[in-house]
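Peer 1: Give me a 3D structure for the following:
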Amino acid sequence: MAEILSDKGLDLIFRAARSHNAWLDEPVGDTLLNAVYDLMKMAPTSANCCPARILFLKSKQAKERIKPHLDEGNVNKVMTAPVCAIIGYDTEFYEKLPQLFPHNPDAKNWLADNETLAQSTAFRNGSLQGAYFIIAARSLGLDCGPMSGFDNDGVDRTFFPGGKVKSNFICSLGYGEASALHPRGPRLPFDEACRIL
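Peer 2: Numbering: from 1, shown residues only. Modelled structure (predicted):
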């Protein structure tokens, strides 16, 4: 039987974790960003397809490039964060299936000739990987500020000009300023959100 996380670990990832909008002036190193990816990549995707593609914006110049595409309410959340990650997905992820799913050489063909299936698979699994990204970042001591509220087409033109990668959401990363948090919003109880059949 697998071991379970301690209450401290569960608090770090879920119960006490918050979405942050304000940040301490502390840098996030490249080694830590690598560690976040190396942890998140181990979580499951369909046929190990791994469509997520992440662009980390750390420099002032890189963040200035995303600024015109942000909704007004998100500008400060992104520009003051040590890192802004663009969580995207590769619409041609199936090209890497021979590498990622080697025990079935035909797997690429399941998707290469079915654009509807390929797109839904890329978006679904890329979204899953985005959630894994948040859990991985929190487990390594980072705070996260995931958000929509930006012009996806503008971000894609600016950062993914080839058209193959599409942005899904963005996520500020760093060490959150806890004093700026508002009270946590309520969550639905089990019996309002779940059924057991």
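
Peer 1: Where does pLDDT dip in this protein?
Peer 2: The model of the chain has no residue with pLDDT under 70.

Peer 1: quick one: buried residues of stretch 126-142?
Peer 2: Using 16 or more other CB atoms under 10 Å as the test for burial, stretch 126-142 gives 126-130, 132-139, 142. (C-beta placed from N, C-alpha, C; glycine too.)

Peer 1: In strands, which of those appear?
Peer 2: Assigned to strands by DSSP state E, none of these qualify.

Peer 1: what's the closest of those to residue 18?
Peer 2: In terms of CB to CB, no member of the buried residues of stretch 126-142 lies closer to residue 18 than residue 138, at 9.8 Å.

Peer 1: wait, doesn't the closest one sit right on residue 144?
Peer 2: Yes. Contact criterion CB atoms under 8 Å: residue 138 and residue 144 qualify, at 6.3 Å.

Peer 1: if I look at those two, which residues touch both of them?
Peer 2: Residues touching both residue 138 and residue 144 by CB atoms under 8 Å, 6 or more residues apart in numbering: residue 17.

Peer 1: returning to that earlier point: among the buried residues of stretch 126-142, name the ones in helices.
Peer 2: 126-130, 132-139 (DSSP state H).

Peer 1: which of those residues lies closest to residue 5?
Peer 2: For those, the closest approach to residue 5 (CB to CB) belongs to residue 139, at 9.1 Å.

Peer 1: Now do the contacts for the residue nearest the centre of the chain.
Peer 2: Computing the C-alpha centroid of the chain and ranking residues by CA atoms, centre = their mean puts residue 130 first, at 2.8 Å. By CB under 8 Å, 6+ apart, the contact list for residue 130 reads 52, 87, 146, 168-169, 171.

Peer 1: Could you export those residues to JSON lines, including columns for distance to residue 70, secondary structure and neighbour count?
Peer 2: Output for those, formatted as JSON lines (distance: CB to CB, whole Å; DSSP: H, G, I helix; E, B strand; the rest coil; neighbours: other CB atoms under 10 Å):
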{"residue": "52", "distance to residue 70": "21", "secondary structure": "strand", "neighbour count": "25"}
{"residue": "87", "distance to residue 70": "15", "secondary structure": "strand", "neighbour count": "21"}
{"residue": "146", "distance to residue 70": "14", "secondary structure": "strand", "neighbour count": "18"}
{"residue": "168", "distance to residue 70": "15", "secondary structure": "strand", "neighbour count": "21"}
{"residue": "169", "distance to residue 70": "12", "secondary structure": "strand", "neighbour count": "19"}
{"residue": "171", "distance to residue 70": "13", "secondary structure": "strand", "neighbour count": "24"}
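
Peer 1: Could you work out the most separated pair of the residues you listed?
Peer 2: Applying CB to CB across the contacts of residue 130, the maximum distance is between 52 and 146, 13.5 Å.

Peer 1: The nearest residue to residue 51 once chain neighbours are set aside: neighbour count?
Peer 2: Spatially, and ignoring its direct neighbours in sequence, residue 51 is nearest to residue 93 (3.7 Å; CB to CB, 6 or more residues apart in numbering). Other residues near residue 93 come to 25 when the count uses other CB atoms under 10 Å.
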